[in-house]
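**Student:** with the sequence up front, the predicted model follows.
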Amino acid sequence: MKPLDPRRAAVDLVTRVEDTRAFLEPLLAAFLERAPAARDEDRGLLTELAYGTLRLRNRLDWILDRFLRGNAATLDPGLRNILRVALYQLFCMDRVPSYAAVNEAVKLAKRRYPGRDALVNGLLRNALRQSAELSFPDRENDPVEFAVRYHSHPRWLVKQWIDEYGPVETLELCEANNRTPPFTLRVNRLKITVEEAIRSLSNEGFGAAAGRWSPDGVILERRGVSPRKLSLLEEGYLQVQDEASQIVSFLAAPRPGERVLDLCSGVGIKATHLAALMENRGTIVAVDRNKRKLESGRVRARIMGATIIEHRLADAVELPGSGFSGSFDRVLLDAPCSGLGTVRRKPEIRWFTGEGDIEEAAVLQGRLLRAGADCLKTGGVLIYATCAMSRRENEDVVRTFLDEHPFFELRRPGPPVHDVMIDDEGFFRTSPHRHETDGFFGAVLAKREPGPAAG
């Protein structure tokens with residue numbers, strides 16, 4: 001078996017992500033699965049090169065355009081990614097010798113693009129010689145262009161965030177999106193406590209600490225072996241999940257014995273958390289229209305011992321009138337969304353998403369929210385949540401819903417949700433630059449007796 005060549009593999013993975021609009025994480029995991037004998041340092045270098053090149057694509061292209069005679073967009077995608085991966089090593093990493101980055105890029109270009117290796121060699125060496133002369137748009141005078149080029153975010157998204165958050169906070173957010181996130185886990189209360197998990201992780205070669213925000217969170221401090229191969233994960237004691245995502249289940253605050261609807265359950269990560277919070281007593285109906293995801297949810301529930309989950313294949317917007325009307329104590333709508341609160345974990349999503357996607361998502365979110373309301377008992381609670389960071393997908397959707405449903409009211413989340421995660425209006429809100437979590441939004445909507453809005 002050939003040894004792992006991390007630079008070549010990074011080029012291949014980044015190119016495949018761009019060609020197929022696939023997410024890097026499963027592609028990388030599958031690739032490393034096929035290279036069990038690869039050294040840890042090579043695995044680590046591949047991971048950083050692939051993620052780093054996708055995160056900082058605009059910054060790398062800015063440098064590339066300074067030294068390329070012609071338009072970088074006209075280059076063959078594979079050749080362009082050879083240059084991007086090399087530039088990432090030269091300008092964004094400290095531990096890779098410059099000669100190694102240049103020589104390996106030239107060798108790869110010579111093998112795949114005969115005759116273009118001279119271009120690669122000349123461009124990279126010119127970039128090294130003139131690195132002190134490189135400059136980016138001015139941060140203070142042109143924050144939009146600085147965020148687009150240096151922090152590597154789409155222009156439409158930067159403009160939207162500046163409109164909603166202001167330039168200072170937007171730059172902080174964009175910078176945080178390019179940091180490597182922690183490897184975050186949630187304990188399965190049905191099997192293990194946080195303290196027991198930390199001790200067990202230590203025995204498997206990991207340092208770990210309790211999460212900062214979630215009572216069920218665990219943060220890995222050091223990786224000894226591939227975290228995805230932890231026995232505690234494979235046996236259902238732990239679940240990979242960001243702390244902000246974990247808090248969504250605490251917004252729902254389900255009680256043992258209740259009847260709960262997980263309206264867009266997906267692969268069932270939150271459904272299993274709800275089951276644990278309910279001490280495996282009551283009923284959770286997990287609905288999704290994707291058969292493959294629903295089957296993954298069944299497998300996950302079985303491994304985690306969550307026996308109260310019933311899985312139903314259905315389109316959530318068609319549930320009203322299906323016998324579910326007014327039958328649930330709590331409804332969790334973790335709504336399909338742009339996902340732009342997860343950019344630091346899924347750097348490619350910024351390149352896959354357009355402004356029109358947000359408008360389309362908001363329409364669907366409104367329909368789903370109305371469907372969830374129909375399924376809720378009077379006195380029950382409806383949770384609306386997204387991993388988005390746009391007003392149109394979040395508070396605008398909720399305000400429109402409240403205008404149309406005067407017998408619902410916004411309720412401020414209680415403990416264990418921290419006050420710093422609740423804004424002045426009572427919405428749950430997290431962000432990478434403020435909380436070192438993914439960007440999540442949540443609203444707790446309580447259903448009163450139908451009638452005039454409270455004065």
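**Tutor:** On my side now, so go ahead. Residues are numbered from 1 along each chain as shown.
**Student:** domains of this structure?
**Tutor:** Per the record's domain assignment (automatic domain parsing), the chain is made up of the domains 6-133, 151-177, 184-240, 243-447.
**Student:** reformat those domains as TSV; add distance to residue 141 and mean neighbour count.
**Tutor:** Where you see a C-beta, it was placed from the backbone N, CA and C, and this is true even at glycine. Putting those into TSV (distance: least, CB to CB, whole Å; neighbours: other CB atoms under 10 Å) gives the following:
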stretch	distance to residue 141	mean neighbour count
domain 6-133	17	17
domain 151-177	11	19
domain 184-240	36	18
domain 243-447	22	20
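**Student:** any idea which of the ones you listed scores lowest on pLDDT?
**Tutor:** Ranked by mean pLDDT, the domains of the chain bottom out at domain 184-240, which scores a mean of 89.
**Student:** and the residue nearest to the spatial centre of the chain, what does it touch?
**Tutor:** A centroid search over the chain (CA atoms, centre = their mean) returns residue 342, at 2.8 Å, as the residue closest to the centre. For residue 342, the set of contacting residues under the criterion of CB atoms under 8 Å, 6 or more residues apart in numbering consists of 242, 349, 387, 438-439.
**Student:** which pair in the residues you listed spans the largest distance?
**Tutor:** The largest separation in those, counting by CB to CB, is between 242 and 349 at 14.2 Å.
**Student:** picking up where we left off before, switch the contacts of residue 342 over to TSV; also include secondary structure and distance to residue 14.
**Tutor:** Formatted as TSV, the contacts of residue 342 follow (DSSP: H, G, I helix; E, B strand; the rest coil; distance: CB to CB, whole Å):
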residue	secondary structure	distance to residue 14
242	coil	24
349	helix	14
387	coil	24
438	coil	22
439	coil	24
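**Student:** what is the nearest of the residues you listed to residue 68?
**Tutor:** Nearest to residue 68, judged by CB to CB, of the contacts of residue 342 is residue 349 at 27.1 Å.
**Student:** residues contacting the closest residue to the closest one other than its chain neighbours?
**Tutor:** Counting by CB to CB, 6 or more residues apart in numbering, residue 339 is the residue found nearest to residue 349 once chain neighbours are left out, at 5.4 Å. Taking CB under 8 Å, 6+ apart as the definition of contact, the neighbours of residue 339 are 346, 349, 353, 387-388.
**Student:** please tell me how far the closest residue to residue 397 other than its chain neighbours sits from residue 254.
**Tutor:** In space, residue 397 comes closest to residue 365 once its chain neighbours are excluded; the distance is 4.8 Å by CB to CB, 6+ apart. From residue 365 over to residue 254 the distance is 22 Å, taken as CB to CB, to the nearest Å.
**Student:** strands along the stretch 151-300 of the chain, start to end?
**Tutor:** If DSSP state E, counting those that start in this stretch is used as the criterion, the strands of the stretch 151-300 of the chain fall at 184-187, 207-210, 217-222, 238-240, 259-262, 283-288.
**Student:** closest one to residue 23 among those strands?
**Tutor:** strand 238-240 (14.3 Å).
**Student:** now the closest one: how far from the chain's centre is it?
**Tutor:** For strand 238-240, the distance from its own C-alpha centre to the chain's C-alpha centre is 15 Å (CA atoms, centre = their mean, to the nearest Å).
**Student:** who are the packing partners of that strand?
**Tutor:** For strand 238-240, the packing partners by 3 or more CB pairs under 8 Å, 6 or more residues apart in numbering; DSSP states H and E come out as strand 184-187, helix 231-234, helix 269-277.
**Student:** mind putting these into JSON lines with distance to residue 250?
**Tutor:** Rendered in JSON lines, the data for the helices and strands packed on strand 238-240 read as follows (distance: least, CB to CB, whole Å):
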{"stretch": "strand 184-187", "distance to residue 250": "11"}
{"stretch": "helix 231-234", "distance to residue 250": "22"}
{"stretch": "helix 269-277", "distance to residue 250": "8"}
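**Student:** next SSE downstream of the helix ranked longest in the chain?
**Tutor:** Using DSSP state H to define each element, the chain has its longest helix at helix 355-374. Next helix or strand after helix 355-374 toward the C-terminus (DSSP states H and E): strand 376-386.
**Student:** could I have the CA atoms of whatever helix or strand comes next after that following strand written out in CSV?
**Tutor:** Proceeding N to C from strand 376-386, the next assigned helix or strand is helix 395-404, under DSSP H and E. Taking only C-alpha atoms (Å, rounded to 0.1, in the frame of the first residue of the first chain), the coordinates of helix 395-404 have been written out as CSV:
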residue,chain,number,x,y,z
GLU,A,395,-36.7,36.4,14.1
ASP,A,396,-38.5,37.5,11.0
VAL,A,397,-40.0,34.0,10.6
VAL,A,398,-41.0,34.0,14.3
ARG,A,399,-42.6,37.5,14.2
THR,A,400,-44.6,36.6,11.1
PHE,A,401,-45.8,33.5,12.9
LEU,A,402,-46.8,35.4,16.0
ASP,A,403,-48.7,38.0,14.0
GLU,A,404,-50.7,35.2,12.4
